[in-house]
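>>> Prediction below, plus the sequence it came from.
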Amino acid sequence: MATKVCVTIAATNPAKVVNELKKALVKSDYAELRLDFLKPSKIPFCLTLSKKYLDRCVCTLRPKTEGGKFSGTEKERISILKLIAEFEPHLLDVEYNTLRKNKELEKYFKSAKIQTLVSWHDFEKTPDMQTLRSMLKNMSKFSKNIKIVTTAKTIDDTIRILSIYKTAGKTNLIAFAMGDYGRMSRILCTKLGSPYTYVSLGKPVAPGQFSLREMRTILALEGKN
Ligand SMILES: O=C1C[C@@](O)(C(=O)O)C[C@@H](O)[C@@H]1O
């Protein structure tokens, strides 16, 4: 099966988002809409403009506490997350820490049968194996789609994050590390079971991201993509 990629789109106005989305989806399987890069008031219009592509989109509304840009209150963010859910994207990325603290939101997504991607990031390090394993276990209570993204400062960090695929069980796990040392994990995660890997359209949105062109070139070396 061909390896799948997802272009992160972090544009700051709805017209640009749709423009980049159209470009991205020519060569990418999915696109991630980083809706936290938009003013909250512009998000509904952006979703309407992107509507026909949303079945290939992962929607993300990352708060500042998790390395995102969302500028409104947490109450606003929760209500926008519910609005995004109504548009039924391919996946709705929701942080583990958001779901853990908000049982009502968890119930809402479950009863509306929303496909969530429960996510957790560490922008400083890659925790030890035991911590990673228990994160995976705890996150799997919320969704079968799980994303754990850490920061690698050594090759051992990169090997450790990739090692958690051994305990992924039936989950759809996306696990890799950011940073230069983590770059190889962005490729290898797809070989270990990740449903896709994140790339950029041009400039990296996160440390170590390959561009769509670079990743497609790397994957084509295998002859199956
Ligand atoms: O979680 C991720 C992965 C990412 O941080 C990356 O490192 O490619 C990019 C983010 O936009 C996305 O939500």
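It's in.
>>> CA atoms for contacts and neighbours, from now on please.
Noted.
>>> Show the contacting residues for Lys147.
Going by Cα atoms under 8 Å, 6 or more residues apart in numbering, Lys147 touches Leu117, Val118, Ser119, Trp120, Leu173, Ile174, Ala175.
>>> Look up how far the ligand lies from it.
Distance, Lys147 to the ligand, using Cα to the nearest ligand atom, to the nearest Å: 7 Å.
>>> In the sheet, which residues pair with that residue? Tell me.
Bridge pairing for Lys147 (DSSP bridges) gives the partners Ser119, Ile174.
>>> picking that back up, using JSON lines, please lay out the contacts of Lys147 together with pLDDT, distance to Pro14 and neighbour count.
Converted to JSON lines, these look like this (pLDDT from 0 to 100; distance: Cα to Cα, whole Å; neighbours: other Cα atoms under 10 Å):
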{"residue": "Leu117", "pLDDT": "98", "distance to Pro14": "23", "neighbour count": "26"}
{"residue": "Val118", "pLDDT": "98", "distance to Pro14": "25", "neighbour count": "25"}
{"residue": "Ser119", "pLDDT": "98", "distance to Pro14": "24", "neighbour count": "23"}
{"residue": "Trp120", "pLDDT": "98", "distance to Pro14": "26", "neighbour count": "22"}
{"residue": "Leu173", "pLDDT": "98", "distance to Pro14": "30", "neighbour count": "27"}
{"residue": "Ile174", "pLDDT": "98", "distance to Pro14": "28", "neighbour count": "25"}
{"residue": "Ala175", "pLDDT": "98", "distance to Pro14": "29", "neighbour count": "29"}
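>>> residues near the nearest residue to Asp122 once chain neighbours are set aside, how many?
Among residues not flanking Asp122 along the chain, Thr150 sits closest, at 4.5 Å (Cα to Cα, 6 or more residues apart in numbering). Residues lying near Thr150 (other Cα atoms under 10 Å) number 24.
>>> Name the secondary structure element that contains Thr150.
Using DSSP states H and E, Thr150 sits within strand 145-151.
>>> That's all I had, so thanks and see you.
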